[in-house]
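Participant: From the sequence below, what's the structure:
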Amino acid sequence: TPVPMEHLYQQAVLVIQQLRQDLQHSFGKYEAEEREREALAAQSRQWYESYQEEVRAKERLAAQLAAVTAELSKCHATPNRPPQDAFPPPRHSDPDSDQLAAVTA
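Facilitator: Model (predicted):
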């Protein structure tokens, strides 16, 4: 028995509606995944920029430390004070060594 044309048309309409719903669902899912990817990319960029700023801060500190170290090494290389043996430390009075010094002199 031949199927009436109206019935075939209704089936085609139902299939098209189902396809449209499936496509809308897939597209909505795709859009949600795309938004999630964009959010993750933005977060990654932010983390990377933060990391780069930390690296630059550490490089600045390293440069400051090198400058201070260089200044300190200049102070040790050319002291502003006379050598220590130029002025011997004060002697503490020790009666026994004073006596020994007097006997051996």
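
Participant: Okay, now the unreliable bits of this structure?
Facilitator: 1, 76-105 (pLDDT under 70).

Participant: biggest helix in it by residues?
Facilitator: When the chain is scanned for its longest helix (criterion: DSSP state H), the result is helix 5-77.

Participant: Can you name every helix or strand that it contacts?
Facilitator: Contacts defined by 3 or more Cβ pairs under 8 Å, 6 or more residues apart in numbering; DSSP states H and E place helix 5-77 against no helix or strand at all. Glycine gets a C-beta too; all of them are placed from N, C-alpha and C.

Participant: and that helix, how far out from the chain's middle?
Facilitator: When distances are taken as Cα atoms, centre = their mean, to the nearest Å, helix 5-77 is centred 18 Å away from the chain's centroid.

Participant: which residue is nearest the centroid of the chain?
Facilitator: What sits nearest the mean C-alpha location of the chain, by Cα atoms, centre = their mean, is Tyr51, with 3.5 Å.

Participant: What distance do you get for it to Leu65?
Facilitator: In this structure, Tyr51 and Leu65 are 21 Å apart, going by Cβ to Cβ, to the nearest Å.

Participant: now do Pro2
Facilitator: For Pro2 relative to Leu65 (Cβ to Cβ), the value is 93 Å.

Participant: what about the two, which has more around it?
Facilitator: The neighbour count for Pro2 versus Leu65, taken as other Cβ atoms under 10 Å, is higher for Leu65 (10 against 5).
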